[in-house]
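Would you be able to build a 3D model of this:
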Amino acid sequence: MTLAFPPGHLSFVAWFALIPLLKSIETASPYNAFKLGLFSGLIHYLTLIYWIIVVLGRYGNLNIFVALLSLFLLSLYLSLYLALFACLTTYLKDSRFSIILMACFWVAIEYLRGNLLTGFPWCLLGYTQYEQLYLIQISDLFGVYGISFLIVLANGLIFRILTRHHHETNASLKWGLPLFLIFLIGTFIYGHHHLSANRVGEKSGYHINAAIIQANINQSVKWDPAYQMETIRTYQRLTRSTRAFKPQLIVWPETSLPFFFQDSQEFSPKMFSLADKSGAILLFGSPAYKRIRGAIRYYNRAYMITPEIQQIQYYDKTHLVPFGEYVPLKKYLPFISHLVQAAGDFASGDKLTPLKTGDLSLGILICFEAVFPELVRTLVREGANVLVNITNDAWFGMTSAPYQHLSMAVFRAVENKRPMIRAANTGFSAFIGPQGAILSESNLFSEEVLERSLTLSGSSLTFYSRFGDLFAIALLVISLAKIFSCFRAKWKRRHRNK
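Residues are numbered from 1 along each chain as shown. The predicted model follows:
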């Protein structure tokens with residue numbers, strides 16, 4: 001299953017990746033299936049998110065053994081969800097709807113993973129298909145969960161076809177195969193319709209010229225005061241290079257200014273001057289702080305400067321990275337802070353609203369926030385017509401994480417049918433169309449400027465923007481009902497035997 005995720009282009013592997021697990025638990029007890037699922041999940045996540053060692057070890061300055069332990073514990077936690085799936089699947093052996101219910105279980109468990117304990121929806125199964133544009137258009141109805149459902153349905157069907165000598169297998173194929181074909185054909189018809197409509201829509205509508213500045217500032221010197229002037233000069237030089245393109249919006253990455261913009265008497269005037277000379281709205285990241293009742297709270301902030309009027313608007317990151325930007329339960333478990341001294345001490349922003357100027361309404365997502373669809377839906381419902389993801393993926397080094405991060409951002413554009421501008425310090429920066437096409441993309445760890453004319457979407461909201469994860473919640477309810485039914489039947493059999 002790890003092979004199906006970026007950076008490789010082996011997304012087709014996802015359509016049969018679960019078959020070895022399904023075969024191994026075919027005759028297993030629920031307890032043994034749980035163990036097999038846990039083992040499978042542990043191997044998958046250790047190979048999928050190995051980059052945590054780089055983040056914590058190289059940049060977080062943690063001891064390598066502590067970094068390895070952190071990777072193991074997070075992988076073990078995520079493996080519990082796959083173990084639960086394997087355990088619950090054993091109760092479907094005699095069901096004629098086993099293939100359909102198995103897909104329901106998978107989506108329900110993915111939904112729980114994305115929401116429990118602040119959520120960690122990194123690399124859900126559906127994300128493997130981010131390059132398959134005809135397939136992923138249904139995300140504006142069902143979110144990424146619709147793709148996950150289809151993939152697991154395919155895995156179940158292939159497995160049942162390979163083991164069709166069983167009576168219950170034939171019954172499950174009778175229901176599963178027609179539903180899969182209807183879902184698959186409907187998905188591609190829907191995708192074709194939306195992609196065709198997009199080609200027509202691109203010829204009309206409001207256009208905006210936008211530029212992304214990827215300065216490729218080395219993480220090891222980024223916060224060194226001696227390099228502040230050099231950092232500013234690099235961004236100024238790259239910004240001035242866009243003058244011939246005449247951009248209306250220029251986007252710099254997360255914490256592109258390695259100082260407090262709100263206080264800097266030396267550098268802040270340079271930013272206003274740069275915005276005026278470029279004639280473009282300038283969006284950039286910088287740390288910030290507020291004094292609240294005598295205490296200082298720090299924020300991961302995005303600023304927007306509108307030229308000529310020198311108006312400043314800002315957005316403070318609302319969904320922080322646990323153990324990266326804050327330490328959970330620090331108040332009650334103070335010893336945790338000593339274990340993760342590399343963690344920041346940021347406060348969460350209190351507003352999730354777009355930054356607006358004229359006809360432009362920017363839905364800002366800072367780094368990790370791009371993997372949470374509910375944040376994006378809120379911004380779109382508040383009027384955002386362009387999504388802007390600013391990030392600093394330099395923390396990941398030359399690993400698979402930047403590829404994975406980009407693949408998930410694609411779905412936020414598709415779900416809400418809004419274009420996305422993604423500015424990363426070291427890559428991948430990209431322009432993503434409202435149908436999920438990566439229109440232009442930078443290289444990793446290179447100094448680049450991306451320029452693109454974007455067509456802004458209208459004010460209409462997609463089904464997913466309006467109603468969110470109704471599909472996933474419905475499958476969660478179905479799954480809980482089935483689990484209750486299985487345990488009730490089991491209890492009745494035991495009671496009868498007594």
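
could you point out the longest helix in this protein?
helix 167-201 (DSSP state H).

residues of that one that come out buried?
Using 16 or more other C-beta atoms under 10 Å as the test for burial, helix 167-201 gives 169, 171-173, 175-176, 180, 183, 187, 190-191, 194-195, 198, 201. Bear in mind the C-beta positions are built from the backbone N, C-alpha and C, glycine included.

okay, now the domains of the protein?
2-200+468-497, 206-458 (automatic domain parsing).

For the ones you listed, give me a markdown table that also has mean pLDDT.
Supplementary listing: the domains of the chain in a markdown table, determined by pLDDT from 0 to 100:
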| stretch | mean pLDDT |
| --- | --- |
| domain 2-200+468-497 | 92 |
| domain 206-458 | 90 |
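
Let me see the contact set for the residue nearest the centre of the chain.
Nearest residue to the geometric centre of the chain (C-alpha atoms, centre = their mean): residue 371, 2.1 Å. By C-beta atoms under 8 Å, 6 or more residues apart in numbering, the residues touching residue 371 are 121-122, 405, 408.

I'd assumed residue 55 was in contact with residue 395.
Yes. Applying C-beta atoms under 8 Å as the test, residue 395 and residue 55 come out as touching, 5.1 Å apart.

need the helices for the stretch 101-250 of the chain, in chain order.
Secondary structure of the stretch 101-250 of the chain (DSSP state H, counting those that start in this stretch): helices at 133-136, 139-142, 144-162, 167-201, 228-240.

quick one: the second one to chain centroid distance?
Right, helix 139-142. From the chain centre to the centre of helix 139-142 is a distance of 15 Å (C-alpha atoms, centre = their mean, to the nearest Å).

tell me what it is packed against?
The helices and strands touching helix 139-142, judged by 3 or more C-beta pairs under 8 Å, 6 or more residues apart in numbering; DSSP states H and E, are helix 144-162, helix 401-416, helix 463-467, helix 470-497.

Could you provide those in TSV, with additional columns for mean neighbour count and distance to residue 309?
TSV is the format used below for the helices and strands packed on helix 139-142 (neighbours: other C-beta atoms under 10 Å; distance: least, C-beta to C-beta, whole Å):
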stretch	mean neighbour count	distance to residue 309
helix 144-162	22	40
helix 401-416	25	29
helix 463-467	17	31
helix 470-497	14	42
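
Name whatever forms a beta bridge with residue 451.
Assessed by DSSP bridges, residue 451 has beta-bridge partners residue 211.

roughly how far apart are it and residue 388?
The gap separating residue 451 from residue 388 is 15 Å, by C-beta to C-beta, to the nearest Å.

More neighbours: which of those two?
The neighbour comparison of residue 451 against residue 388 (other C-beta atoms under 10 Å) goes to residue 388, with 27 against 17.

who does whatever helix or strand the more buried one lives in pair up with?
Secondary structure assignment for residue 388, by DSSP states H and E: strand 386-391. Strand 386-391 has its sheet partners listed here by DSSP bridges as strand 360-366 (parallel), strand 420-424 (parallel).

quick one, the longest one and helix 401-416 angle?
Looking back up the chat, that one is strand 360-366. When axes from the mean of the first three to the mean of the last three C-alpha atoms, to 10 degrees is applied, the directions of strand 360-366 and helix 401-416 differ by 140 degrees.

rewinding a little: for residue 83, which of the helices of the stretch 101-250 of the chain is the nearest?
When these are compared by C-beta to C-beta, helix 144-162 sits nearest residue 83, at 15.8 Å.

on contacts alone, who are the packing partners of that closest one?
Here helix 144-162 touches helix 19-24, helix 98-113, helix 133-136, helix 139-142, helix 167-201, helix 470-497, going by 3+ C-beta pairs under 8 Å, 6+ apart.

That helix relative to helix 98-113, how many degrees between them?
Using the same axes, to 10 degrees: helix 144-162 against helix 98-113 is 150 degrees.

now helix 144-162, how far from the centre of its chain.
Relative to its parent chain, helix 144-162 has a centroid offset of 22 Å by C-alpha atoms, centre = their mean.

Output it in CSV with nothing but the alpha carbons.
The C-alpha trace of helix 144-162 is given here as CSV (Å, rounded to 0.1, in the frame of the first residue of the first chain):
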residue,chain,number,x,y,z
VAL,A,144,-11.6,11.9,-0.5
TYR,A,145,-13.7,9.3,1.3
GLY,A,146,-15.6,8.5,-1.9
ILE,A,147,-12.4,7.5,-3.6
SER,A,148,-11.3,5.4,-0.6
PHE,A,149,-14.7,3.6,-0.7
LEU,A,150,-14.3,2.8,-4.3
ILE,A,151,-10.8,1.4,-3.9
VAL,A,152,-11.7,-0.8,-1.0
LEU,A,153,-14.8,-2.0,-2.9
ALA,A,154,-12.4,-3.0,-5.7
ASN,A,155,-10.1,-4.8,-3.3
GLY,A,156,-13.0,-6.8,-1.9
LEU,A,157,-14.3,-7.7,-5.3
ILE,A,158,-11.0,-9.0,-6.6
PHE,A,159,-10.4,-10.9,-3.4
ARG,A,160,-13.9,-12.5,-3.6
ILE,A,161,-13.4,-13.4,-7.3
LEU,A,162,-10.2,-15.2,-6.4
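
what's the angle from it to helix 470-497?
50 degrees.

How many neighbouring residues does residue 84 have?
20.

circling back: out of the strands paired with strand 386-391, nearest to residue 68?
Nearest of these to residue 68, taken as C-beta to C-beta: strand 420-424 at 26.9 Å.

ok, and what's touching the closest one?
With contacts defined as C-beta under 8 Å, 6+ apart, strand 420-424 is touched by 210, 212-214, 249, 251-254, 370, 386-393, 402, 406, 409, 412-413, 428-432, 442, 454.

how about the CA coordinates for it, as CSV?
Taking Å, rounded to 0.1, in the frame of the first residue of the first chain, the C-alpha atoms of strand 420-424 are listed here in CSV:
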residue,chain,number,x,y,z
MET,A,420,-5.2,26.9,-5.1
ILE,A,421,-1.9,28.8,-4.9
ARG,A,422,0.6,26.8,-3.0
ALA,A,423,3.8,28.6,-1.9
ALA,A,424,6.5,26.5,-0.2
